[in-house]
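Colleague: missing the sequence, but the structure's below:
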């Protein structure tokens, strides 16, 4: 199936301006995404407390911490399955239904985690129940992220897809910042003993309640015009959507997986790992590192929107290339700059966080790469499988590399930026042919 080049408008609607309805759709989608990502990520900020409460008290500290992180990782392993199943029905039955279902499936386990009995009360049933709920969270977020990208991109004018995807991605990253701020507040208000007694439950209970609020808000969203048009014309995919993706759109899958790898390098290394890494490498105080990380995450949310706007203005391929080049430079400036002037941590990290915002271009490329009939399944399979693999391996690879190369985090991100530049060059080569398409090569 042939689709237009990513640098070309796809329909006459490309020329219409954003309407108030478009703005409301973007706002509700981004808000729901932020709340859902908060629910998914809040776990990582309380792994120490969870390790103490959900495993036998005579377990060594290192093992309890490892087991707690194992529960966190289980959510990532469940993402592909949940994403593929929800994408199947999203391509066959409608985007809106799955968009609402994903946030509901996140709200329920988040609320239940906040109510779980601990090991002292339920024994081994406690960590097993936590594992099951964590996997439900993973399945939910596996459908949420690609589903949200598809939903907003099919609502707005074609020439605003970059802005829509960038705005949605900024909402997801805002959820990370929200989780960090809530965790910081809980640990400041309550003593360590009070956090273990009840304080750790509060972020999950609040997240569950807000999750149900997001479900209510999404009731006001309408099905996407693209899906309604396909249903009206009886052009919905007849066979298994994933089968159609793997049979006819392998190049699009490869490009999407490579860009997801670039995305994991930016988010996992520069946002999630760097606060801990710079403490070890440069002796920066934990509180200072976390404060700078909050600023960097806020810069990331702004960067996603700015790079999305840039993709609409100059094309996704050029925006991706410029962003990857900027991130490559900013990463080395941060890691080398801290060695010479650690007092400049906040501005250096803020600049790097903004450049990580190039990840806001990634969904724009994915949306353009797959035709509407299998778009949800194509993006969901590519993104979730690649994220499960690369997101899981990245911390291990970077940690092992640091034994011999202290600047390994910067080297790793730089290498992936080169991958991003290569993909950008490939996309620009497609743009020279008006009817070229990633999915048909």
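Modeller: Yep, it's here. In this text, all values refer to a predicted model and were calculated from it rather than measured experimentally.
Colleague: List the residues that contact the closest residue to residue 262 other than its chain neighbours.
Modeller: Nearest non-adjacent residue to residue 262, counting by C-beta to C-beta, 6 or more residues apart in numbering: residue 420, 4.3 Å away. In short, each C-beta sits where N, CA and C put it, glycine included. Applying C-beta atoms under 8 Å, 6 or more residues apart in numbering to residue 420 gives the contacts 258-259, 262, 320-321, 323-324, 327, 358.
Colleague: in which helix or strand would I find residue 420?
Modeller: helix 408-431 (DSSP states H and E).
Colleague: for that helix, which positions count as buried?
Modeller: Across helix 408-431, burial judged by 16 or more other C-beta atoms under 10 Å covers 408-414, 416-417, 420-421, 423-424, 426-428, 430-431.
Colleague: And that helix, how far out from the chain middle?
Modeller: 19 Å (C-alpha atoms, centre = their mean, to the nearest Å).
Colleague: Equivalent analysis for stretch 208-221, please.
Modeller: 20 Å.
Colleague: Could you pull up the mean pLDDT of that stretch?
Modeller: Averaged over stretch 208-221, pLDDT sits at 84.
Colleague: Buried ones in that stretch, by neighbour count?
Modeller: Within stretch 208-221, judged by 16+ other C-beta under 10 Å, the buried ones are 208, 210-212, 214-215, 217-218, 221.
Colleague: With stretch 129-138 instead?
Modeller: 129-131, 133-138.
Colleague: Among those, which one sits closest to residue 254?
Modeller: Nearest to residue 254 among the buried residues of stretch 129-138, counting by C-beta to C-beta, is residue 138 at 24.1 Å.
Colleague: Report the contact partners of the closest one.
Modeller: 40, 74-79, 82.
Colleague: Residue 119 now?
Modeller: Residue 119 neighbours (C-beta under 8 Å, 6+ apart): 53-57, 126-127.
Colleague: Please determine how far it is located from residue 128.
Modeller: 11 Å (C-beta to C-beta, to the nearest Å).
Colleague: again with residue 419
Modeller: 39 Å.
Colleague: I figured residue 281 hits residue 406, correct?
Modeller: Yes - using C-beta atoms under 8 Å, residue 281 is in contact with residue 406, at 6.0 Å.
Colleague: just to revisit the earlier point, which of the buried residues of stretch 129-138 fall in helices?
Modeller: Secondary structure defined by DSSP state H assigns 129-131, 133-138 of the buried residues of stretch 129-138 to helices.
Colleague: now for those residues, which pair is the farthest apart?
Modeller: Maximum distance among these (C-beta to C-beta): 15.2 Å, for 129 and 138.
Colleague: about what we covered before: dump the contacts of residue 119 into CSV; add secondary structure, neighbour count and distance to residue 351 as well.
Modeller: Formatted as CSV, the contacts of residue 119 follow (DSSP: H, G, I helix; E, B strand; the rest coil; neighbours: other C-beta atoms under 10 Å; distance: C-beta to C-beta, whole Å):
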residue, secondary structure, neighbour count, distance to residue 351
53, helix, 24, 39
54, coil, 24, 39
55, coil, 20, 40
56, coil, 12, 45
57, coil, 9, 45
126, helix, 18, 44
127, helix, 24, 41
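Colleague: picking up where we left off before, columns pLDDT and distance to residue 174 on top of the ones in helices among the buried residues of stretch 129-138, output as TSV?
Modeller: Compiled in TSV, those are given as follows (pLDDT from 0 to 100; distance: C-beta to C-beta, whole Å):
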residue	pLDDT	distance to residue 174
129	95	30
130	93	26
131	93	28
133	94	24
134	91	22
135	91	25
136	91	23
137	90	18
138	88	20
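Colleague: so how far is stretch 40-52 off the chain centroid?
Modeller: For stretch 40-52 - counting by C-alpha atoms, centre = their mean - the centre lies 19 Å from the chain centre.
Colleague: what sits up against that stretch?
Modeller: So stretch 40-52 is contacted by 61, 64-65, 67-69, 71-72, 75, 106, 110, 113, 130, 134, 137-138, 140-141, 175-176, 179-180, 182-183, 195-196, 200, 203-204, 207, 272 (C-beta under 8 Å, 6+ apart).
Colleague: of these, buried ones?
Modeller: For the contacts of stretch 40-52, buried by 16+ other C-beta under 10 Å: 64-65, 67-69, 71-72, 75, 106, 110, 113, 130, 134, 137-138, 140-141, 175-176, 179-180, 182-183, 195-196, 200, 203-204, 207, 272.
Colleague: Helices - which of the residues you listed land there?
Modeller: Per DSSP H, these map to helices at 64-65, 67-69, 71-72, 75, 106, 110, 113, 130, 134, 137-138, 140-141, 175-176, 179-180, 182-183, 203-204, 207.
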